[in-house]
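Participant: quick one, what's the 3D model for this:
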Amino acid sequence: MDDPSVGGLIQQAVAAPGEPSTEQTQLETNQQEPHEGMFFESEQEAKSYYDEYARRVGFLTRVLSSRKSERDGSVISRGLGCRGACGNRSKGQRESCLAMVLLKKEKQGRWVVRKFVRDHNHPLVAHLPKCRRKLDEKDRKIQELTAELRIKKRLSTAYREQLNTFMKDVEDHNGHLSAKVQLVFDNLKQLEAERQELLHRK
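Facilitator: I've put the predicted structure just below:
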């Protein structure tokens, strides 16, 4: 009886004639330029791919945006982009570089490229000896929290506007209701005066 584990190893090690191996397919994927419709099995795989693409082309990446599910709080959208010219400390130039990729999570769990911008507003660097090729975990966390904070602020502003509109409607309604109550009170007062006048006449 054949050992299934050995058979599995042989199947992995030797690809069928004319069919690329898993390693070859992965290598070809890593060497591709991002494009809309490109998919990955996980967010980490997508981020690693874009980091490798950036290293190969000659720029550093940063987190541009992130969106979480209102149902369970998991990340369902992530924007990654260029960090700007290596060594440049100007926030304006970093933010003006529009090179980016937008990743979204599908219902099946795969991550798909929904938008890709190739062009940069600065020269690319073939080798990045003095620049960190990847942001450390602390920097990534700060950027993710900053992006999430911007989203929360926008939501807070929208909710505040909705609340102000609701309160104005309530005030208008209360004013209208108060006017009706005052009218009823005035009518009762007038009826009481007429009743008293009739009693005096008797």
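
Participant: show me where the chain dips below the pLDDT cut-off.
Facilitator: Confidence mapping of the chain against pLDDT under 70 gives the ranges 1-31, 86-95, 126-140, 202.

Participant: tell me where it has strands.
Facilitator: 39-40, 61-68, 75-82, 100-105, 111-117 (DSSP state E).

Participant: of those strands, which is nearest residue 123?
Facilitator: Closest of the strands of the chain to residue 123 is strand 75-82, at 11.9 Å (criterion: Cβ to Cβ). Placement of C-beta: from N, CA and C, glycine included.

Participant: paired strands for the closest one, with orientation please.
Facilitator: Using DSSP bridges, the neighbouring strands of strand 75-82 in the sheet come out as strand 61-68 (antiparallel), strand 100-105 (antiparallel).

Participant: hmm, back to that, please convert the strands of the chain to JSON lines, extending it with distance to residue 196 and mean neighbour count.
Facilitator: Below are these laid out as JSON lines (distance: least, Cβ to Cβ, whole Å; neighbours: other Cβ atoms under 10 Å):
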{"stretch": "strand 39-40", "distance to residue 196": "86", "mean neighbour count": "16"}
{"stretch": "strand 61-68", "distance to residue 196": "70", "mean neighbour count": "19"}
{"stretch": "strand 75-82", "distance to residue 196": "73", "mean neighbour count": "20"}
{"stretch": "strand 100-105", "distance to residue 196": "77", "mean neighbour count": "21"}
{"stretch": "strand 111-117", "distance to residue 196": "79", "mean neighbour count": "17"}
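
Participant: nearest residue to residue 112 other than its sequence neighbours?
Facilitator: Distances taken as Cβ to Cβ, 6 or more residues apart in numbering put residue 39 closest to residue 112, at 4.7 Å, once the chain neighbours are dropped.

Participant: residue 53: neighbouring residues, count only.
Facilitator: Burial measure for residue 53: 18 neighbouring residues, criterion other Cβ atoms under 10 Å.

Participant: hmm, it is touching residue 35, no?
Facilitator: No - the criterion here is Cβ atoms under 8 Å, and residue 53 misses it with residue 35 at 11.2 Å.

Participant: compare the strands paired with strand 75-82 and give me the one nearest residue 189.
Facilitator: For the strands paired with strand 75-82, distance to residue 189 was read as Cβ to Cβ. The smallest value, 59.6 Å, belongs to strand 61-68.

Participant: starting at the chain centroid, how far to that closest one?
Facilitator: In this view, strand 61-68 has its centroid 6 Å away from the chain centroid, taken as Cα atoms, centre = their mean, to the nearest Å.
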